[in-house]
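# coords please:
(chains A and B)
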Amino acid sequence: MTRFVKSPKDVASGLLLILLAAFFAWQALDLPMGRAIRMGPGYFPMILAGLLGFLGLLVLIGGLTVPAAEEDAGIGFRRWPWQALGLVTLAVVVFGLGIRPLGLGPSMGLAVFLSALASRRFNIVTGLASAAIMVAFSWAVFIKGLGLPLPLLGPLLGGY
Amino acid sequence: MEIFDNLALGFSVAVTFQNIFYCFIGVLLGTLIGVLPGLGPVPTIAMLLPITFGLPPVSALIMLAGIYYGAQYGGSTTAILINLPGESSSVVTAIDGYQMARKGRAGAALATAAIGSFFAGSVATFLLAVFAPPLADLALKFGPPEYFALMVLGLVASVALAAGSVIKALAMVVLGILLGLSGQDVYTGTPRFTFDMLELADGIEFVALAMGVFGIGEIVRNLEDEHSRKVMVQKVKGLLLSKEDIRRIVGPILRGTFIGSFLGILPGGGAILSSFAAYSIEKKISRHPEEFGKGAIEAVAAPESANNAGAQTSFIPMLTLGIPSNPVMALMIGALIIQGIVPGPNVVNEQPSLFWGIIASMWIGNLMLVVLNLPLIGMWVRLLTVPYHILFPLIVGFCCIGVYSVNNNALDVFTMALFGVVGYVLVKLDCEPAPLLLGFIIGPMLEEYLRRAMLISRGDPTVFFTRPISATMLALAVLALAVVLLPSVRRRREEAFKE
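I've put the predicted structure just below:
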């Protein structure tokens, strides 16, 4: 890191907040603003986006001027559990993609198994067993118990 | 007296077979998640929200409340037995509780925690019964400007009392409000931030956001470093306290209850802050401060009483003003809205059986917790050792089906995935996500009161400063912000949170 950046975490947060503020402001531009007496749908969001941008700027300036505390290890991108983050997110997305066409059984099984892979202590037997238990459990609770309108096997797999 | 009539009404609601059953399920689940590693009350309540849709409002709220204070209880068990606080509010308990366990006094520590929590819970529940109705009556006189000011004050106070950077926390609140405004505008029907997706017309699903940030994001954080848990004590013996122990814990329990009840009402502080405050006060006034950190029984009694009292009294602003003081209360408000009840001062008067039923059930639930925790401690000890790598895939599965079942909508599942990543990134950047959830819940109400206030005042923003109540509240908010941003206080505050 260069000498300008005293606290990488704060600089990153500040930039992120400003980016988000700009995004919300850009989205709110299309909305009718109205006037103070009868505020349109864009009025309050625009004020908030401005406030968010201002706060982001404060955080950014702080990150450039005030050194971070000593025990602060920085953002440490390399130490992020990328594999775990990716697999757990993938598991959830796969569930969302599969729930309609494949049904509850396969998508639940896949989601549980994929997220089990995220652990360094993964072993195939417990992974498969967890998936099976969760499929059985969610069938019993959500389909039988709560009567969710969901097939165990979706249309793609010969269900209804 | 009116209060006894009300309490009688409450007990008549709470002591039905159905409600006792849901109260039991709630405290049982709460204890369970308090004991199990890496699963807090926020994702649990979020996961169970869909299941409560089919229940009557009273039963739903009774169960969700049980989970909350049950988790405070379970968290202390892990704190004492394995030095790992199950909940952030039992961090302090771990210091001396674990030392007591190492000296073979785990039973005494657990019993102290249980007695302190029960006493504090009972007192705080009673305070809730006494103070909530007058507060609600006062709030009924509020107009839109007062309500707007009250919400601003609530949000600012929750930020000021929380740990970490104040500016970042404020930014999280604002971001939360912006996200909360998504969906159709109530007045004009104009879609906002929906990216032309029909599924987003009702806004971002609250359950998906909460589960993503506090469920999925938390799981990834726990996977950063996995370590196995070792239980100190296999068999817990000696649950009975000696006369000397009892003499030593009476004072701390009373003081802890008092501190917790007071701090619990304040936004943001609640259970965590009160346990820290109770610990440091006991250490200051103790005649043997050198014992603190080495297994002093006072240091278990005071914070445990305080966190349980705080957990109960944090219901006061939620039930009377409709303002959440922490993420769990934000979820409770979400549950009320889903049940078709408008949170706010009208709940006390229009839904007396709901209000008093919840209060009465809290007392019953606290009693159940004593029974659940002391004789059944052996069972919980065995659960302590469930490995996280087996547990977390099941939680992911639960979150998925739970969030899908809210609207039978796959988009909510993707939203949860997105906010899981967002939650993790925010935590990594030292931006606490709790204020985001508070902002998300309060956002739409805040905008509505702002619009109404401006309509009444014919577009004159000075209305907030000319009406005395709203001016006072806004002044307090500014004052709170100014105080925590002062350099000297800032340093002291950081030290206080480190300790």
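# mind checking the pLDDT average for stretch B:440-455?
Mean pLDDT, stretch B:440-455: 88.
# now the closest residue to chain A within the stretch 201-350 of chain B. Nearest residue, chain neighbours left out?
Distances between the stretch 201-350 of chain B and chain A by CB to the nearest CB are smallest at residue B:223, namely 4.0 Å. (Glycine included, C-beta is placed from N, CA and C.) In space, and not counting its chain neighbours, residue B:223 is closest to residue A:84: 4.0 Å by CB to CB, 6 or more residues apart in numbering or on different chains.
# the spatially most distant residue from the centre of chain A: which element?
Here chain A reaches farthest from its C-alpha mean at residue A:37, the gap being 37.3 Å by CA atoms, centre = their mean. In this assignment (DSSP states H and E), residue A:37 forms part of neither any helix nor any strand.
# just want the phi and psi numbers for it.
phi -70, psi -40 (degrees, to the nearest 10).
# please verify my assumption that it contacts residue B:454.
Yes - using CB atoms under 8 Å, residue A:37 is in contact with residue B:454, at 6.1 Å.
# can you pull the poorly scored residue ranges out of chain A?
Residues of chain A meeting the criterion pLDDT under 70: A:1-4, A:68-73, A:158-160.
# mind redoing it with 80?
A:1-6, A:35-37, A:66-79, A:145-150, A:154-160 (pLDDT under 80).
# who are the neighbours in contact with the residue nearest the centre of it?
Geometric centre of chain A, nearest residue: residue A:89, 7.7 Å, by CA atoms, centre = their mean. By CB atoms under 8 Å, 6 or more residues apart in numbering or on different chains, the contact list for residue A:89 reads B:216, B:417, B:420, B:421.
# residues contacting the residue lying closest to residue A:65 once chain neighbours are set aside?
Spatially, and ignoring its direct neighbours in sequence, residue A:65 is nearest to residue A:6 (6.3 Å; CB to CB, 6+ apart). Neighbouring residues of residue A:6 by CB under 8 Å, 6+ apart: A:63, A:64, A:65, A:66, A:67, A:68.
# and the stretch 151-300 of chain B, which residues reach chain A?
B:165, B:167-168, B:170-171, B:174-175, B:177-178, B:181, B:185, B:187-188, B:190, B:192-193, B:216, B:219-220, B:223-224, B:226 (CB under 8 Å from any CB of the partner chain).
# out of those residues, which are buried?
Buried members of these, counted by 16 or more other CB atoms under 10 Å in any protein chain shown: B:165, B:167-168, B:170-171, B:174-175, B:177-178, B:181, B:185, B:192-193, B:216, B:219-220, B:223, B:226.
# helices - which of these land there?
B:167, B:168, B:170, B:171, B:174, B:175, B:177, B:178, B:219, B:220, B:223 (DSSP state H).
# got a list of what the second one touches?
So the one you mean is residue B:168. A:13, A:55, A:59, B:430, B:431, B:432 are the contacts of residue B:168 under CB under 8 Å, 6+ apart.
# what sits against residue B:298?
Residue B:298 neighbours (CB under 8 Å, 6+ apart): B:248, B:249, B:251, B:252, B:282, B:286, B:292.
# before we move on, back to that, now find how far off-centre the host helix or strand of the residue nearest to the centre of chain A is within its chain.
Assigned by DSSP H and E, residue A:89 belongs to helix A:82-102. Distance of helix A:82-102 from the chain centroid (CA atoms, centre = their mean, to the nearest Å) equals 12 Å.
# any idea of the angle that helix forms with helix B:217-224?
Here helix A:82-102 points in a direction 140 degrees away from that of helix B:217-224 (axes from the mean of the first three to the mean of the last three CA atoms, to 10 degrees).
# so after helix A:82-102, what's the next helix or strand?
That would be, after helix A:82-102 and using DSSP H and E, helix A:104-116.
# what is that next one packed up against?
helix A:82-102, helix A:124-138, helix B:388-407 (3 or more CB pairs under 8 Å, 6 or more residues apart in numbering or on different chains; DSSP states H and E).
# could I get the buried residue list for the second one?
Right, the one you point to is helix A:124-138. Applying 16+ other CB under 10 Å to helix A:124-138 flags A:126, A:127, A:130, A:131, A:134, A:135, A:138 as buried.
# quick one: contacts for the last one?
By CB under 8 Å, 6+ apart, the residues touching residue A:138 are A:104, A:108, B:397, B:401.
# closest to residue A:155 out of these?
Nearest to residue A:155, judged by CB to CB, of the contacts of residue A:138 is residue A:104 at 12.7 Å.
# so the closest one sits against residue A:146, correct?
No - assessed by CB under 8 Å, residue A:104 is found out of contact with residue A:146, at 12.0 Å.
# who has more neighbours out of these two?
residue A:104 (25 against 14; other CB atoms under 10 Å in any protein chain shown).
# ok, the closest residue to that one other than its chain neighbours - contacts?
Distances taken as CB to CB, 6+ apart place residue A:150 nearest to residue A:104, at 5.0 Å, with adjacent residues excluded. Listed by CB under 8 Å, 6+ apart, the contact partners of residue A:150 are A:99, A:103, A:104, A:142, A:143, B:408.
# and those as CSV, adding distance to residue B:312?
As requested, the contacts of residue A:150 are exported to CSV (distance: CB to CB, whole Å):
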residue, distance to residue B:312
A:99, 39
A:103, 43
A:104, 38
A:142, 32
A:143, 37
B:408, 36
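# give me the buried entries from those.
Members of those classed as buried by 16+ other CB under 10 Å are A:99, A:103, A:104, A:142, A:143.
# what is the strand or helix carrying residue B:159 packed up against?
If you go by DSSP H and E, residue B:159 is part of helix B:144-161. Counting contacts by 3+ CB pairs under 8 Å, 6+ apart, helix B:144-161 packs against helix B:166-180, helix B:315-321, helix B:434-456, helix B:463-466, helix B:468-485.
# helices or strands next to the helix or strand where residue B:111 lies in the packing?
Element membership of residue B:111 [criterion: DSSP H and E] is helix B:106-140. Contacts defined by 3+ CB pairs under 8 Å, 6+ apart place helix B:106-140 against helix B:2-14, helix B:57-82, helix B:91-102, helix B:243-265, helix B:298-313, helix B:315-321, helix B:346-350, helix B:352-373.
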